[in-house]
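Chemist: what follows is a predicted structure for the sequence shown.
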Amino acid sequence: MGVLEGLKPERVFYYFEEICKIPHGSYNVAAISDYCVSVAQSLNLEVRQDEEYNVVIRKPASEGYGEAPVLMLQGHLDMVCVKDAGVDFDFARDGLNLVVEDGYVHAKGTTLGGDDGIAVAMGLAILEDNTIEHPELEVVFTTEEEVGMEGAIALDTADLKAKYLLNLDSEDEGHFLAGCAGGVKATSFLPMSCASAEGTAMTLHVHGLVGGHSGSEIDKGRANANILLGRLLFELHEALPFCIISVDGGDKDNAIPVDSKAEIVVSDEDIDE
């Protein structure tokens with residue numbers, strides 16, 4: 001019996017649970033891409049898969065809808081892979097540990113991948129349902145969306161015919177959104193010098209924060225562990241000298257960091273302070 005069995009729409013949650021059994025972080029999407037191809041083949045639908053593991057599935061129009069404009073349903077196959085501190089989990093190998101609590105589906109100790117696994121589940125469920133009246137459908141699953149739209153950029157669109165596209169990657173069920181969240185990546189090079197230091201090594205650790213998506217939760221006032229740690233190091237350096245051994249924090253550029261750590265060396269006479 002599946003963890004999500006009985007949740008409605010049943011076939012959507014069936015496919016979502018099947019997807020969650022397959023590791024599918026960014027750059028690790030071959031298996032989930034192959035799964036979507038196998039579902040399409042089992043339904044005797046036209047399907048193609050490219051070298052970037054994008055998948056395009058076509059379903060002919062229902063009777064009476066042959067002249068209607070072609071509709072594309074689109075989502076992405078990769079998920080953001082973040083786990084709680086101390087959780088023993090390998091995103092490259094392990095399926096997600098699904099839990100249903102208080103009316104919500106989540107993954108124990110890790111991100112759920114509802115972004116955008118639910119779109120994949122919806123697309124597959126719609127493709128298998130022959131009771132839905134629809135125009136010709138193009139169901140398109142792209143890859144590496146979470147790391148820069150790399151699959152969509154590589155997608156060959158020459159044979160796509162859709163006039164309308166529904167991107168199934170928004171936060172609010174039952175709402176159509178015209179627009180999107182944007183982002184930019186930047187690489188900074190800061191001058192530094194290495195030196196020997198004597199004293200006591202100490203660790204500063206900011207952890208246990210709420211976190212969230214850098215798009216949909218960025219306006220919620222949630223603390224960023226990297227920023228807090230930077231402020232802490234600045235204030236501490238104003239009070240007493242120390243040397244930094246290492247700084248490490250955050251896992252993904254589109255997830256608000258919840259954990260950040262710095263190793264420092266403090267002179268023995270400054271330990272109490």
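Modeler: Received it, and whenever you're ready, just let me know what you need.
Chemist: when you work out contacts or count neighbours from here on, use the C-alpha atoms and nothing else.
Modeler: Fine.
Chemist: tell me where this protein has strands.
Modeler: 46-49, 55-59, 71-76, 98-101, 104-107, 137-142, 164-167, 200-206, 212-213, 243-249, 255-256, 260-266 (DSSP state E).
Chemist: in TSV: the ones you listed, plus mean pLDDT and distance to Gly230.
Modeler: Output for the strands of the chain, formatted as TSV (pLDDT from 0 to 100; distance: least, CA to CA, whole Å):
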stretch	mean pLDDT	distance to Gly230
strand 46-49	98	45
strand 55-59	98	42
strand 71-76	98	34
strand 98-101	97	35
strand 104-107	96	30
strand 137-142	98	36
strand 164-167	95	37
strand 200-206	96	10
strand 212-213	88	19
strand 243-249	95	9
strand 255-256	92	15
strand 260-266	97	9
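Chemist: pLDDT-wise, which helix or strand of this protein ranks last?
Modeler: Of all helical and strand segments in the chain, the minimum by mean pLDDT, DSSP states H and E falls on strand 212-213, at a mean of 88.
Chemist: that one packs against which elements?
Modeler: Secondary-structure packing of strand 212-213 (3 or more CA pairs under 8 Å, 6 or more residues apart in numbering; DSSP states H and E): strand 255-256.
Chemist: can you read off the pLDDT for Glu171?
Modeler: pLDDT, Glu171: 78.
Chemist: number of nearby residues for it?
Modeler: Glu171 has 11 neighbours, counted by other CA atoms under 10 Å.
Chemist: check Phe141 too.
Modeler: 25.
Chemist: with Leu4 as the reference, measure out to it.
Modeler: 23 Å (CA to CA, to the nearest Å).
Chemist: which one of the strands of the chain lies closest to Glu18?
Modeler: For Glu18, the closest of those is strand 98-101, at 11.0 Å, according to CA to CA.
Chemist: quick one: residues in contact with the closest one.
Modeler: 3-4, 20, 105-108, 112 (CA atoms under 8 Å, 6 or more residues apart in numbering).
Chemist: which one of those residues is nearest to Ile57?
Modeler: Among the contacts of strand 98-101, and counting by CA to CA, the member closest to Ile57 is Cys20, at 20.6 Å.
Chemist: residues contacting that closest one?
Modeler: 95-96, 98, 113, 117.
Chemist: returning to that earlier point: kindly reformat the strands of the chain as JSON lines containing distance to Met122.
Modeler: Formatted as JSON lines, the strands of the chain follow (distance: least, CA to CA, whole Å):
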{"stretch": "strand 46-49", "distance to Met122": "17"}
{"stretch": "strand 55-59", "distance to Met122": "13"}
{"stretch": "strand 71-76", "distance to Met122": "9"}
{"stretch": "strand 98-101", "distance to Met122": "18"}
{"stretch": "strand 104-107", "distance to Met122": "16"}
{"stretch": "strand 137-142", "distance to Met122": "10"}
{"stretch": "strand 164-167", "distance to Met122": "12"}
{"stretch": "strand 200-206", "distance to Met122": "38"}
{"stretch": "strand 212-213", "distance to Met122": "22"}
{"stretch": "strand 243-249", "distance to Met122": "35"}
{"stretch": "strand 255-256", "distance to Met122": "24"}
{"stretch": "strand 260-266", "distance to Met122": "36"}
